[in-house]
Every structure is written in structure tokens, then in C-alpha cells.
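Asks: just the structure for this:
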Amino acid sequence: MPRRYRVFVSSTSDLAAERAAVIQAIYSSGCDPEHMEEWPSGLPKPLEEIRNRISQCDFCVFIIGRQFGCVPVGARQSYVQEEYSYALTLAMADNSSGHAGKLELIVLIDQAAVEYYGSRPATELSVPEQSQREFIEQLTNASTIRRWRSPEDLAVQTRIELLSRIRPRESSTVVETNAGLIAEVEEHLDDCRARGRVPTEAKLIQFSAHNARDLIRTLVWRDVPTRLYMASIGTAMAVSGHQASLAKQTISNLVNDITPLETHGTDWKNAASPLRKLSVFQYAAPGAVRAVQIGDDFLAIGSYAYLSREIAGNRQLDLRGGELPMMIFRRPHDGFQSLRRMIESTVENWHRHGICQEVDFSALRQGVKGVSSLRGTSVTDADED
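Replies: The predicted structure follows:
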């Protein structure tokens with residue numbers, strides 16, 4: 001059964017027609033409105049009740065007009081301002097904790113109110129009007145807002161905002177090819193840049209990582225610190241010599257990919273250089289998961305397929321995965337948080353139990369034999385097919 005989201009409706013009492021339009025738009029969007037018209041009258045602690053109801057909602061819609069509105073007993077802000085401040089606090093707490101189903105705020109401001117306050121000096125405004133003008137300016141500077149001119153326009157804006165925010169919570173994207181995955185990653189990075197939120201880190205879990213080279217270059221060249229986890233080719237994790245050869249070639253390719261960065265005057269030994277944007281770890285553990293996690297709101301996950309095939313004249317167990325489908329989940333999706341915890345706990349356990357070691361790039365750049373030299377482990381030409 002599809003989930004029904006709860007939507008808190010906030011406005012001053014003079015906007016009765018506008019509230020009715022928003023409430024109907026919420027119903028038509030498949031959600032349930034939370035509004036004071038259905039509350040019992042004479043609540044002894046209305047502000048406490050409001051906060052309790054907001055905390056149980058998925059979205060808050062703020063209808064902002066010209067009027068300042070009523071002020072709760074003992075408060076300095078209006079009811080609408082109190083509701084906005086509390087909802088914003090909850091939303092910021094959800095964001096910092098990585099909570100998947102976070103509270104989201106939708107701010108809808110009357111264009112006539114904006115024009116009214118924008119055309120009058122402060123000396124012509126009453127004290128409540130001055131407070132309302134400051135509140136509108138605060139909302140404009142701190143929130144993504146929409147403006148409306150009529151109840152009908154307001155209903156349309158409400159549906160657009162709700163549906164655009166609900167869709168990512170309930171849908172995932174399937175990519176069939178590596179090129180499709182890279183296109184989704186680039187779109188995500190473009191969106192992050194537009195919002196001023198550069199991802200702090202990307203994690204990739206691959207096997208030989210032979211097909212991940214273009215994705216790694218995309219991340220590193222766009223200044224995203226990247227940690228690649230690939231199977232240790234000096235152990236039984238390489239199910240065939242063919243996979244061992246591909247893994248060795250991956251390390252060699254990654255070293256070569258760093259060379260153009262150095263030609264632009266970057267010292268690869270400097271901790272701030274692009275080389276330090278990439279860390280490669282090799283794990284000696286079973287598993288067939290492949291994953292790409294970027295920051296706190298993008299995750300692609302899939303699995304490899306084990307098969308038996310003819311290699312060098314012998315029937316061997318091998319692994320197929322380069323162009324297998326992956327599912328992309330973004331942070332609002334209800335399953336995102338569980339999948340992210342699974343990936344992060346997997347990597348954490350590899351490090352904790354000492355079955356994951358970092359590739360020593362500095363040794364490789366200085367010509368140490370063994371294309372994928374590990375700290376404590378080296379792989380020589382004898383491991384190739």
C-alpha cells in the first residue's frame with residue numbers, strides 16, 4: 001500500500017480561501033493535511049500541540065501573506081513564525097544526522113505582499129508590518145520559495161512542490177551500462193555544485209574495477225575525494241587469472257591517469273594535490289556487491305554474476321559485472337539509509353579486521369616492482385594469465 005505523507009499547513013487566519021485551496025491540493029496529491037481546522041478547540045497549550053504535530057509530519061507548507069498574525073502568550077514571534085522556526089530546526093537536525101525521511105519545508109509567499117512591503121519605507125509601516133516584512137525577507141534569503149497571486153495559483157504551486165519532493169522518496173533509477181551510471185553521477189555532481197554542496201567523499205566497491213576507470217576519473221577530476229575498494233589480486237579473491245590481470249591493469253591505469261594532473265604543475269607528493277583525491281584499497285573478503293556512494297545522498301548498488309567459462313583452454317570459475325544493471329537510490333528514498341549503512345559497515349569491518357590494505361601509490365610512482373604493490377603485499381608478473 002503506498003505511503004501517505006502528512007503535510008502541516010501554516011498560515012494566518014485571514015487566508016481562509018488560500019488555506020482551503022492548499023488543503024484540497026494536498027489531498028489531490030495523495031497526502032493527508034495536518035491543519036488546525038480539525039483540531040479540538042480550547043487547547044490549553046496550543047504551541048506545544050503545534051510542535052508535536054509538526055514533528056509527526058513529512059512536509060510543512062507555509063502560506064505567507066501580508067498579515068503578521070497572532071502572537072502566542074509569552075512569545076515574541078507570531079504563530080506562523082514560531083511554526084517556521086521549529087520546523088526549520090527539525091529539518092536541519094534531520095539533515096545533519098543523515099535521516100532519510102527528513103522534514104521538508106515548502107514556503108509560498110503572496111506576490112502582492114512582496115510588492116506591498118517593497119514599495120513602502122519603514123516609517124510608513126506599523127510595528128507588526130515591520131516584523132512581517134523582516135520575516136518575508138528572512139524567508140526569501142533562507143528558503144527556496146514560490147510566489148502566488150490567487151488561491152488557484154497557490155493550489156497549483158502546492159501540488160508541484162509536493163509531487164516533486166515525493167517522487168525521489170519513492171522511486172529509484174536503473175542504469176544498464178557504465179556510461180549510464182557516469183551520466184547519472186555527472187548530473188548529481190552538477191546539481192550539488194548548483195546548490196553549493198560539494199560531496200565530501202565518494203566510495204566505490206568494485207571487483208577488478210576494470211570498468212570503473214572512467215567513473216573514477218570523473219570523480220577525481222571534479223575534485224571529489226574518492227576511495228576505491230577492489231579485490232586483492234594476490235589472494236584467492238581473484239577467481240581466475242583473467243580477473244587478476246584486469247585488477248593489475250586497473251592499478252597501472254590509475255597511476256597513468258594521475259600523470260596529466262602532474263603536468264599541470266601539481267606536486268603529487270603534496271597532500272593537497274589531485275593525487276590525494278584518490279585512495280585505493282584492496283580487500284581479501286568474499287562478496288559480490290558493487291556499489292557507488294557519493295556524499296550523503298547518492299547510492300548506486302548492484303552485484304556481480306559468477307559464471308563458468310572457457311579461459312586459456314580450461315573451464316574456470318569467473319566473474320561478470322562490467323555492464324550489469326545497477327539501481328540508483330537518492331537520499332529521500334525510504335531504502336537509502338539502510339543501504340548506506342550496509343555499505344559503510346562493510347567497509348568499516350574490512351578495515352577493523354585487517355583484511356583491507358591501501359595501495360602505496362608513492363612506491364608505484366618511484367618504480368617499485370609490482371604493479372599493485374600494497375603496503376605489506378606485492379603482486380608480480382607471475383600472477384598474470
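
Asks: and Asp190, what are its phi and psi?
Replies: phi -60, psi -40 (degrees, to the nearest 10).

Asks: what's the spacing between it and Leu219?
Replies: 13 Å (C-beta to C-beta, to the nearest Å). Glycine gets a C-beta too; all of them are placed from N, C-alpha and C.

Asks: same check, this time on Val114
Replies: 41 Å.

Asks: neighbour count winner among those two?
Replies: Leu219 (26 against 18; other C-beta atoms under 10 Å).

Asks: isn't that one right up against Thr226?
Replies: Yes - counting by C-beta atoms under 8 Å, Leu219 does reach Thr226; the two are 4.6 Å apart.

Asks: what about the helices in the stretch 101-250 of the chain?
Replies: Secondary structure of the stretch 101-250 of the chain by DSSP state H, counting those that start in this stretch: the helices cover 111-118, 127-142, 151-170, 178-194, 213-221, 241-263.

Asks: please tabulate these in a markdown table, including the columns mean pLDDT and distance to Ile63.
Replies: Conversion of the helices of the stretch 101-250 of the chain to a markdown table gives the following (pLDDT from 0 to 100; distance: least, C-beta to C-beta, whole Å):
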| stretch | mean pLDDT | distance to Ile63 |
| --- | --- | --- |
| helix 111-118 | 94 | 11 |
| helix 127-142 | 91 | 12 |
| helix 151-170 | 88 | 7 |
| helix 178-194 | 86 | 27 |
| helix 213-221 | 86 | 42 |
| helix 241-263 | 68 | 51 |
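
Asks: of those, which is nearest Pro33?
Replies: helix 151-170 (10.1 Å; C-beta to C-beta).

Asks: give me the contacts around that closest one.
Replies: 2-3, 5, 7, 17-18, 20-22, 24-26, 28-31, 59, 61, 63, 101, 104, 106, 108, 146, 148, 330-334 (C-beta atoms under 8 Å, 6 or more residues apart in numbering).

Asks: closest to Asn52 out of the helices of the stretch 101-250 of the chain?
Replies: helix 151-170 (22.2 Å).

Asks: who's Leu108 bridged to?
Replies: Ile63, Arg146 (DSSP bridges).

Asks: wait, Glu358
Replies: Phe281.

Asks: kindly state the pLDDT recorded for it?
Replies: At Glu358, the model reports a pLDDT of 88.

Asks: circling back: just the contacts of helix 151-170: which are in helices?
Replies: With DSSP state H as the criterion, helices contain Ala17, Glu18, Ala20, Ala21, Val22, Gln24, Ala25, Ile26, Ser28 from among the contacts of helix 151-170.

Asks: intersection of neighbour lists for Leu219 and Thr226?
Replies: Contacts common to Leu219 and Thr226, judged by C-beta under 8 Å, 6+ apart, are Ala202, Lys277.

Asks: one step back: the helices of the stretch 101-250 of the chain into TSV, with extra columns for distance to Gln67?
Replies: Shown next, in TSV, are the helices of the stretch 101-250 of the chain (distance: least, C-beta to C-beta, whole Å):
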stretch	distance to Gln67
helix 111-118	9
helix 127-142	7
helix 151-170	16
helix 178-194	34
helix 213-221	50
helix 241-263	58
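
Asks: among those, which is nearest Arg352?
Replies: Closest to Arg352 of the helices of the stretch 101-250 of the chain is helix 241-263 (C-beta to C-beta; 23.3 Å).
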